[in-house]
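J.: please work out how this folds:
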Amino acid sequence: MNRLTVPTAVVLLSGVCHAQLPMDQKLLDFQQLAALYDKQYAPYEWKRDALGFDLLRLAPWLDRVRQTKNDIEFYEISAAYTASLNDAHTAFLLPSDFAADLGFDVDIYDGKALVEFIDSTTFRAFPFRIGDELISVDGKSVADWLKEFGKYVALANPRSTDRYAASLITFRRQLFYPRTSEVGNTATVVIRRRGAADPETYTMPWTKSGLPLTAEGPVPSPRLNSARKTAAAVVEDDSDNPDPFLTYLNPLRDLQNFRLPEPKSLVGWGSINPVFRLGFPSTFVQRLGRSSADFFFSGIYTVSGKRIGFLRIPSFTVSSQTAALRQLETEVTFMQANTDALVLDVMRNPGGSLCYTEELLRRVVPYRYRAIGAEIRATRDWLISIHQTIEDAESLGASQHTIDLFTAIETELEIAYKQNRGRTNAVPLCNPYFERDPVTTASGSLLAYSKPALLLTDEFSASAAEIFAAVFQDSQRGPLYGWRTTGAGGSVSGDMITGFYSESASTVTQSIAVRTEQKISPEYGITPYIENVGVVPDIKVDYMTEDNLLNSGKTFVDSFTAAVVSLIK
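T.: Numbers count the residues shown, from 1 in each chain. As a prediction, this is how the structure comes out:
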């Protein structure tokens, strides 16, 4: 598994400093963080009413800031505030590229932290293997580590949060966890090997990279002077601006970005290969997934005389949507002619473009369906951006279809803004209307796959992958099989500065997805939202078992195969 790098924009701010920020700058930066969420955060009312967390109740948080003794403690308070939103799209990002790695990964299987990946160096140096149980690191139990990391990172539901926190025990990034810089040169690791009565203790080296952050370092705080200087005029230089034909749609692309903002250190996350092995039916023949030019993993196998197709969608972010859709159409045409049913897989899919997601759905849903809507945070910034986009689109000769889409969004933004509402009504983001029709050939023949289909999901099917699952379920295309999705039900733009003195950044959810149908949730009642709720499968089966880990998912594959065969019968 490839280790992950820190975004360049954050790395450039990294540094080792020894002096601490003064208190007035900490308080100012924390209020700047809160102001960003106050102004831009779309699910504010949902978090307040459903989760009981009001991000505008700042007094307790400011008291905690005043009690901090150093910059690391201040970063912890800021990260904890953001994590309290329990939003997979939001994160508080420290200005650090420092990381520390023990050379193996764990995840939660059957309630235990089991080793699921070991790099080659660690494998040769230590005797533990895949499936062994991690008991503790540096005297702190796994449960205590999950609680520790859970204060600073949250993935919308307890199970996803715990699994992500488990990955941080052995691979820590200061981008998310402020105290990563405090790791020693070695760690005391306690492992219980499979079949052994007693655990074993190992002293393992931390492999470190990047520049640790121990303090931000102060600059003088501004002082009010009796004499005021007139600000110099600013002349904007647009000589480096790219072709306007490529940029006027950028505001809409931000709203259409339904993807978790940071890569996660999880086995199979966004990988083209499924997390399980598909060679158990000896008849399985792989088609896509071997070439770097492939956007999907696919194949076909025979069980009980039935031909089963398999198609994995690893991500909804691709280098070329045109090429990806062309490849999918070729594969769907083959599957339509050569299979009796199709298994679709969006497990551990981090999401991506909403419009690309809708285009994929048009190729697997063979009839008209209704798309997901989004409630947008109504701000002056969005109003200006969308209005300017309409003017640019008209001057550049964009289609009436595109202009109608932006006009519909602008109308809803104006209404919500004038009424001082936090969000707009639900609006479509890829077409001026909600209805979507399946793709047809030039002659009018149906191209979409029309035979029985089943969709695999898990707790790391996130964002756009959840929208795919929600539409698949709401349109009654076929059963969902697996586990409840993440609950990352919104769009997110790029990192935003949240502390000029602390040099921190944050991501903010700026719209919230709304399903066609309201669903009943044990935790949240009847709601159309995906945020925190996720998409609940029709057939609930847990992949995260020790049996599946040790047998490459054979039990899971056998189980969903039986389920899809039953659809044919």
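
J.: spatially speaking, which residue is in the middle of the chain?
T.: Leu260 (2.2 Å; CA atoms, centre = their mean).

J.: how about that one, what does it touch?
T.: Ala88, His89, Pro350, Gly351, Ala462, Ser463, Thr486, Ala488 (CB atoms under 8 Å, 6 or more residues apart in numbering). For the C-beta atoms, the positions are set from N, CA and C on the backbone; glycine is no exception.

J.: partners of the longest strand anywhere in the chain in the sheet?
T.: Counting by DSSP state E, the longest strand found in the chain is strand 509-521. Take DSSP bridges as the rule and strand 509-521 pairs in its sheet with strand 373-376 (antiparallel), strand 490-492 (antiparallel), strand 525-529 (antiparallel).

J.: what's next to the second one, contact-wise?
T.: Surrounding strand 490-492, the residues in contact under the criterion CB under 8 Å, 6+ apart are 42-43, 87, 89-90, 254-259, 261, 354, 374, 429, 463, 507-513, 531.

J.: let's see it at 10 Å
T.: 41-43, 46, 87-91, 156, 253-261, 351, 354, 374-377, 429, 463-464, 507-513, 529-531 (CB atoms under 10 Å, 6 or more residues apart in numbering).

J.: sorry, back to before: the contacts of Leu260: which two are farthest apart?
T.: His89 and Pro350 (10.9 Å; CB to CB).

J.: which one's more surrounded, those two?
T.: Set side by side, His89 and Pro350 show more neighbours around His89, with 32 against 27, by other CB atoms under 10 Å.

J.: surely that one is in contact with Glu466?
T.: No. Counting by CB atoms under 10 Å, His89 sits too far from Glu466 to count as a contact (11.4 Å).

J.: overlap of the contact sets of the two?
T.: Ala156, Phe258, Gly351, Thr486, Ala488, Gly489, Glu531.

J.: and the fifth one, how far from Thr516?
T.: In this case it means Ala488. Distance from Ala488 to Thr516, counting by CB to CB, to the nearest Å: 19 Å.

J.: more neighbours: which of these two?
T.: Ala488 (34 against 17).

J.: mind checking the SS state of that one?
T.: Of the three states, Ala488 takes coil according to DSSP: H, G, I helix; E, B strand; the rest coil.

J.: relative to Leu155, how far out is it?
T.: Taking CB to CB, one finds Ala488 at 8 Å from Leu155.

J.: who touches Gln336 in this structure?
T.: Gly309, Leu342, Pro366, Leu446, Leu447, Ala448, Tyr449, Ser450, Lys451.

J.: which of these has the most neighbours?
T.: Leu342 (27 neighbours).

J.: I'd guessed that residue sits against Val332; true?
T.: Yes. Leu342 lies in contact with Val332 (CB under 10 Å); the separation is 8.6 Å.

J.: please enumerate the shared neighbours of those two.
T.: Ser298, Gly309, Leu311, Val364, Tyr449, Ser450.

J.: rewinding a little: show me which of the contacts of strand 490-492 are buried.
T.: Among the contacts of strand 490-492, those classed as buried by 16 or more other CB atoms under 10 Å are 41-43, 46, 87-91, 156, 254-261, 351, 354, 374-377, 429, 463-464, 507-513, 529-531.

J.: out of these, list just those in helices.
T.: Trp46, Asp254, Leu255, Leu354, Ala464 (DSSP state H).

J.: now the helices for the stretch 101-250 of the chain?
T.: 120-125, 142-150, 158-170, 250-255 (DSSP state H, counting those that start in this stretch).

J.: okay, those in TSV with mean pLDDT and distance to Glu358 next?
T.: Converted to TSV, the helices of the stretch 101-250 of the chain look like this (pLDDT from 0 to 100; distance: least, CB to CB, whole Å):
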stretch	mean pLDDT	distance to Glu358
helix 120-125	87	42
helix 142-150	97	34
helix 158-170	96	25
helix 250-255	79	14
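
J.: and among those helices, the most buried is which?
T.: helix 158-170 (a mean of 22; mean count of other CB atoms under 10 Å).

J.: could you find the closest non-adjacent residue to Ala378?
T.: Ranked by CB to CB, 6 or more residues apart in numbering and with sequence neighbours excluded, the top spatial neighbour of Ala378 is Ala416, at 3.7 Å.

J.: now do the contacts for that neighbour.
T.: Glu375, Ile376, Arg377, Ala378, Thr379, Trp382, Leu383, Gly422, Arg423, Thr424, Asn425.

J.: tabulate those (JSON lines), appending pLDDT and distance to Ile539.
T.: Formatted as JSON lines, the contacts of Ala416 follow (pLDDT from 0 to 100; distance: CB to CB, whole Å):
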{"residue": "Glu375", "pLDDT": "96", "distance to Ile539": "30"}
{"residue": "Ile376", "pLDDT": "94", "distance to Ile539": "34"}
{"residue": "Arg377", "pLDDT": "94", "distance to Ile539": "36"}
{"residue": "Ala378", "pLDDT": "92", "distance to Ile539": "39"}
{"residue": "Thr379", "pLDDT": "91", "distance to Ile539": "41"}
{"residue": "Trp382", "pLDDT": "89", "distance to Ile539": "40"}
{"residue": "Leu383", "pLDDT": "91", "distance to Ile539": "44"}
{"residue": "Gly422", "pLDDT": "88", "distance to Ile539": "37"}
{"residue": "Arg423", "pLDDT": "94", "distance to Ile539": "34"}
{"residue": "Thr424", "pLDDT": "95", "distance to Ile539": "35"}
{"residue": "Asn425", "pLDDT": "95", "distance to Ile539": "34"}
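
J.: what subset of those residues is buried?
T.: Glu375, Ile376, Arg377, Ala378, Thr379, Trp382, Leu383, Gly422, Arg423, Thr424.

J.: what about the closest residue to the fifth one other than its chain neighbours, how many neighbours?
T.: The reference is to Thr379. Distances taken as CB to CB, 6+ apart place Lys39 nearest to Thr379, at 6.2 Å, with adjacent residues excluded. By the measure other CB under 10 Å, the count of residues near Lys39 is 13.

J.: tabulate the CA atom coordinates of the strand or helix carrying Lys39 in CSV.
T.: Using DSSP states H and E, Lys39 falls within helix 23-40. This file holds the C-alpha atoms of helix 23-40, laid out as CSV (Å, rounded to 0.1, in the frame of the first residue of the first chain):
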residue,chain,number,x,y,z
MET,A,23,-3.0,34.6,23.5
ASP,A,24,-4.6,37.4,21.5
GLN,A,25,-3.5,35.8,18.2
LYS,A,26,-4.8,32.4,19.3
LEU,A,27,-8.2,33.8,20.2
LEU,A,28,-8.4,35.7,16.9
ASP,A,29,-7.5,32.6,14.9
PHE,A,30,-10.0,30.5,16.7
GLN,A,31,-12.8,33.0,16.1
GLN,A,32,-11.7,33.1,12.4
LEU,A,33,-12.1,29.4,12.3
ALA,A,34,-15.6,29.6,13.8
ALA,A,35,-16.5,32.5,11.5
LEU,A,36,-15.6,30.5,8.5
TYR,A,37,-18.1,27.7,9.5
ASP,A,38,-20.7,30.3,10.6
LYS,A,39,-20.7,31.8,7.1
GLN,A,40,-19.9,28.9,4.8
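
J.: measure how it sits relative to strand 509-521, angle-wise.
T.: 60 degrees (axes from the mean of the first three to the mean of the last three CA atoms, to 10 degrees).

J.: helix 23-40 - contacts with which helices or strands?
T.: helix 59-66, helix 71-83, helix 380-395, strand 496-499, strand 504-507, strand 509-521 (3 or more CB pairs under 10 Å, 6 or more residues apart in numbering; DSSP states H and E).
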